[in-house]
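Q: what's the 3D shape of this:
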Amino acid sequence: MATVRGSNTDNSLHDNMSETNPVLPDAPLDVREQLRQHFSVPYTQHNDRWHNLWEKGEFLPFDRGQPNPALIDTLTDRHTLVGKPVISHNGKTRKRALVPGCGRGYDVLLLAAFGYDAYGLEVSESAVKACNEFAEKEFAQYTTKGSEYGCGLVKFILGDFFKTDWFEELRLPAGGFDLIYDYTVGRPYESQYPLHADVVTVPVCSSACASTGLGFAYQ
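A: Residues are numbered from 1 along each chain as shown. From the prediction side, this is the model:
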């Protein structure tokens, strides 16, 4: 299984996708300070804090309105890094990709457009609702830039990446996913939040918020 880490590399995006939202490292200092203050609580309360942001929908500076440029680059020009999105060329057996902390689901839609059965995981019901609404309206623009293998499944799930109930409800085979695209999920206490062996079969990076340039990390 491949584990792909996100970055804020400024690559050109698909022509029909928005390029208007700023990348977080370039956000004003007061925005980053607001985020730091918002998450200046014990880690056990972070899920509630994420839900509060999505529920209000007024302060979402991490929502860039487009897939991560690094992921676009990987799928279009560096696809040998992750291999084909299908196990059999006829597309009947697709690889499964997971995006934990998927936000509004841009990266999930992109992976599906390139042939993966793509799953987005969020801890906020409001975020999952936003994902489904966006996918219903905008998925067509992603499929125009897709792959020869056709489009895969798109599914958004409510759950905590470090728990197993959401995975058990999916009823996927052991091993779960062939690719995990991790951009925002942190792993602060490995002993307290172990990753279930049925979900992933290789380690996932234990400190992820550093890649977002927010100035804080889950530690």
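
Q: residues contacting Leu172?
A: Residues near Leu172 by Cβ atoms under 8 Å, 6 or more residues apart in numbering: Arg96. Heads up, the C-betas are built off the backbone N, CA and C, glycines and all.

Q: ok, and it, which helix or strand is that part of?
A: Using DSSP states H and E, Leu172 sits in no helix or strand.

Q: the longest helix in the protein is where?
A: helix 125-143 (DSSP state H).

Q: Tell me the buried residues in it?
A: Ser126, Ala127, Val128, Ala130, Cys131, Asn132, Phe134, Ala135, Glu138, Phe139, Tyr142 (16 or more other Cβ atoms under 10 Å).

Q: residues making contact with that helix?
A: With Cβ under 8 Å, 6+ apart, helix 125-143 has contacts from 14, 16-17, 50-51, 54-55, 57, 102-106, 108-110, 112-113, 120, 122, 151, 154, 156-158.

Q: Just the CA coordinates for it, please, in PDB.
A: C-alpha atoms of helix 125-143 as PDB (Å, rounded to 0.1, in the frame of the first residue of the first chain):
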ATOM      1  CA  GLU A 125     -21.200  15.600  10.200                       C
ATOM      2  CA  SER A 126     -21.300  19.100   8.700                       C
ATOM      3  CA  ALA A 127     -18.100  18.400   6.700                       C
ATOM      4  CA  VAL A 128     -19.600  15.100   5.400                       C
ATOM      5  CA  LYS A 129     -22.700  17.000   4.300                       C
ATOM      6  CA  ALA A 130     -20.600  19.600   2.600                       C
ATOM      7  CA  CYS A 131     -18.700  16.900   0.800                       C
ATOM      8  CA  ASN A 132     -21.800  15.200  -0.600                       C
ATOM      9  CA  GLU A 133     -23.300  18.500  -1.700                       C
ATOM     10  CA  PHE A 134     -20.100  19.500  -3.500                       C
ATOM     11  CA  ALA A 135     -19.700  16.100  -5.100                       C
ATOM     12  CA  GLU A 136     -23.300  16.200  -6.400                       C
ATOM     13  CA  LYS A 137     -22.800  19.600  -8.000                       C
ATOM     14  CA  GLU A 138     -19.200  19.500  -9.200                       C
ATOM     15  CA  PHE A 139     -18.000  16.000  -9.800                       C
ATOM     16  CA  ALA A 140     -18.500  16.300 -13.500                       C
ATOM     17  CA  GLN A 141     -15.800  18.900 -13.900                       C
ATOM     18  CA  TYR A 142     -13.300  16.400 -12.400                       C
ATOM     19  CA  THR A 143     -14.300  13.500 -14.700                       C
END
